[in-house]
Structure formats: structure tokens, C-alpha cells
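Undergrad: Got a predicted structure here, sequence first:
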Amino acid sequence: MDMKIYDPQEETQWDERIAQLDRPSLFYSSLWAAVLHDSYQYRPIYFVQRQGEAIHFLLPVMEISSRITGRRGVSLPFTDFCDPYVIDPIDFEPAISEAIELGKQRGWRSLEIRGGKTLLKNQLSSRQYFQHQLNLGDPETLFRNLKSSTQRNIRKARKNGVVVRFDNSTAAMEDFYRLNCLTRKKHGLPPQPISFFQNVLNNIIRTNHGVIAQATYHNKIIAAAIFFHFQKSVVYKYGASDIDHLPLRANNLLMWEAIAHFSGRNFEQLDFGKTEIANEGLRKYKLSWGADEKRVPYYKYDYQSNSFIQDRNKESGWYNAVFKKMPLPLLKLTGALLYKHVG
């Protein structure tokens, strides 16, 4: 099978083909490609081998051309996990070798693959994260399987008068963005620009592939989350909250109502996203929902050394303390300027 490069946005039946895979993912779709391209002008380079109309190999890559970080391929930017897809594992090695060679021809410094443990198990991983996934089903059974403290927090939020609603309006996205900016500042990170979330709204939410959940207290929005869904799978993509109202346990009720919401609509699995290995608090939070845990490695092929290399996590460093002290308008501007180069 010949390797070809596709831009999903230019293929009219791309998402229908993705839906037919035995492991479909929203992050393979033209919808997510449009979010990344429209937000940061990344170039979609999706390596594909097909037999007839069926996809046998897929490595979705965005080419980042940056004066700061150089030209490189990432599969995929702002995506926690994106396993390469292959029907027969025996075909993977020649396919990935061809993709690496095509990247060399394009002058890439590196190619990063966020997943692919079973396919790249003999290669050195660049870094690792935890992934937590919850099998959905009967809400009563799911509630019984929660950690007792999580059950108490859900009940406490209800008793305190917290109410959860789903609202996919422009105003709801603006409310989420406001909370997200505050949450990112608390963690010492710039927020992504509002244009990114507007593209999420237009390409994901408004095509019925995502929802915005809000927790309110006395008609004030104190927590919000964005969930993506595709076929039978759900991804908890973004969360934000008002730190002054954390004792109300709104985040617990919001997550539980989302679990019940998707369970009632016959979705089968909820992915809580990545967790840094050292972040024990976040890890325990996700495990408290009854989720299964596994380690997921990232891989980075370096073209200078012609090998897979280790890399450090660039989300943590001395700069977190600087970002925490920045005025919010300056922090927003920093995010708008930097994220295109980060990926």
C-alpha cells in the first residue's frame, strides 16, 4: 500500500471513514483538524495507507512552523492521547518509517507521537502520563462504585444548592473562558486565546460532538467543563472553576451529572485525559470515580540524531511562578502569542 498525505478538511467523506474504524476517535476527525488549523494555522499532514476505501494506517500530524521552536510534526497538538492507527501491527514499522522519511524531506526537527505504546514498545519514550478511563453504564451502579468521599461531595454540593446544567451557547463558552483564565492563572499557565475556544464551539460543540456543562450557585456560574464525544466515547477535555467556591464541591457534582448524562445516552466510555505522573492529587481525584488507570508514553523522533529521544515536560518550570504573578490581561496576551509555537 502506498503512503499518501491527506488534509481531512478537504476530504468530503473523511469523518464517515473515521467513524468506521474499530477504534474511532474525534481527534482523527476533520472537526479537530479544523480547530487546530483555524486557531494556529498548523498544516494538516495526515499519513494514510488505504486499501480501497478502508483506512489501514493513519498517523494524523500537524506541521508546526515556528521561528521559536522550528518546523516539526506533532501527532497531535493540544491532544492528550492520539495513538497511531493500524489494522495489522506487522504493517506499522514500514509505515512509520515511511512517515519519518517524509518528515525528513519536509525539514522537520522532530516528530512527536502522543501514544502508540504497543506499536512503539521497543523505542525509548520521551515522557509518560497517566490515563484514566471509566466504563459507563447504569448510573446507580456507577454511583455505588465511587469512592465514599466522592459520594459525600456530590451530596454536599446538592445540599448546598449547586445546580448543573448543559448550555452550548456562545454565552456559555464565554463564561467557561472567564473561569478558564482564572484557573490557568492559579496553576501558573497562560490560557489559550478566546479564538481557540470559539473554534471549539463552532467545529465541535455546534456539530453535536461536544457539550458545555455548568455548575451554578445562586444563579452564578462557579464551575464549567467541556466534553467531546464521538461515536460511543466521551473525553473530558477542559475544566475550570472559581477558587472562592471550591468548598461547595461544585466540580464533583458537575462531573457526576456529566457521567449520568452520557450514561443515559448510551455512551460507553469516559476518558478523563492525561495526568502528570507526579500529580498525585489529580490522580487520586480521577481514580475516585472508579476509573481504570494506565501509563501512556509519548515518543519523540529527533532528526538530528535519527533516533527516538527523551524529553522533559515543558508544562512545569520556573516560569509558572512568573505566570502566577502576571496581571490577567498580560497573561491572556502571553497565551495568544505563545501557544502557536508550543503545540
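TA: Structure received.

Undergrad: switch to C-alpha atoms for all contacts and neighbour counts from now on
TA: OK.

Undergrad: Select the longest helix from the chain.
TA: helix 170-186 (DSSP state H).

Undergrad: Can you name the next helix or strand after that one?
TA: Remark: after helix 170-186, the chain's next helix or strand is helix 194-203, criterion DSSP states H and E.

Undergrad: what's the offset of that next one from the middle of its chain?
TA: 14 Å (CA atoms, centre = their mean, to the nearest Å).

Undergrad: which stretches of the stretch 51-200 of the chain form helices?
TA: For the stretch 51-200 of the chain, applying DSSP state H, counting those that start in this stretch gives helices covering 92-105, 139-144, 148-159, 170-186, 194-203.

Undergrad: returning to what we had before: show me what counts as buried in the longest helix of the chain.
TA: 172-173, 175-186 (16 or more other CA atoms under 10 Å).

Undergrad: Let me know which of the helices of the stretch 51-200 of the chain is the nearest to Arg17.
TA: Of all the helices of the stretch 51-200 of the chain, helix 194-203 sits nearest to Arg17, with 18.1 Å by CA to CA.

Undergrad: Quick one: list the elements packing against that closest one.
TA: In terms of contacts (3 or more CA pairs under 8 Å, 6 or more residues apart in numbering; DSSP states H and E), helix 194-203 is packed against helix 30-40, helix 170-186.

Undergrad: list the buried ones in it?
TA: Those would be 194, 196-203, for helix 194-203 by 16+ other CA under 10 Å.

Undergrad: From the rest of the structure, what touches stretch 262-275?
TA: 80-81, 129-139, 231-237, 259, 282-283, 286 (CA atoms under 8 Å, 6 or more residues apart in numbering).

Undergrad: Now, of those, which are buried?
TA: For the contacts of stretch 262-275, buried by 16+ other CA under 10 Å: 80-81, 129-137, 139, 233-237, 259, 283, 286.

Undergrad: Which of those fall within strands?
TA: 129-135, 233-237 (DSSP state E).

Undergrad: Just the residues contacting stretch 62-80, thanks.
TA: Counting by CA under 8 Å, 6+ apart, 27, 36, 42-46, 59-61, 82, 103, 107-114, 273-274, 340-343 sit against stretch 62-80.

Undergrad: In it, which of the residues would be classed as buried?
TA: 62-65, 71-77, 80.

Undergrad: sorry, back to before: any idea which of the buried residues of helix 194-203 is closest to Asp292?
TA: Nearest to Asp292 among those, with distances taken as CA to CA, is Val200, at 27.6 Å.

Undergrad: Now do the contacts for the closest one.
TA: Val35.

Undergrad: quick one: contacts for Leu59?
TA: Leu59 sits next to 46-48, 75, 83-85 when contact means CA under 8 Å, 6+ apart.

Undergrad: now with 10 Å?
TA: Residues near Leu59 by CA atoms under 10 Å, 6 or more residues apart in numbering: 5, 28, 45-49, 74-76, 82-86, 95-96, 99, 113.

Undergrad: do Val163 as well
TA: Listed by CA under 10 Å, 6+ apart, the contact set of Val163 reads 157, 214-221, 250, 253-254, 257.

Undergrad: Can you name the residues bridging to it?
TA: Thr216 (DSSP bridges).

Undergrad: returning to that earlier point: tell me the mean pLDDT over the longest helix of the chain?
TA: Taken as a whole, helix 170-186 has a mean pLDDT of 97.

Undergrad: Could you export it as CSV, CA atoms only?
TA: What follows is helix 170-186, C-alpha atoms only, in CSV (Å, rounded to 0.1, in the frame of the first residue of the first chain):
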residue,chain,number,x,y,z
THR,A,170,-21.9,31.4,22.8
ALA,A,171,-22.5,32.9,26.2
ALA,A,172,-21.8,29.6,27.9
MET,A,173,-18.4,29.4,26.1
GLU,A,174,-17.6,32.9,27.2
ASP,A,175,-18.4,32.0,30.8
PHE,A,176,-16.2,29.0,30.5
TYR,A,177,-13.4,31.1,29.1
ARG,A,178,-13.6,33.5,32.0
LEU,A,179,-13.3,30.7,34.6
ASN,A,180,-10.6,29.0,32.5
CYS,A,181,-8.4,32.2,32.6
LEU,A,182,-8.7,32.3,36.4
THR,A,183,-7.9,28.5,36.7
ARG,A,184,-4.9,28.7,34.4
LYS,A,185,-3.5,31.7,36.3
LYS,A,186,-3.9,29.7,39.6
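
Undergrad: Thanks a lot, see you next time.
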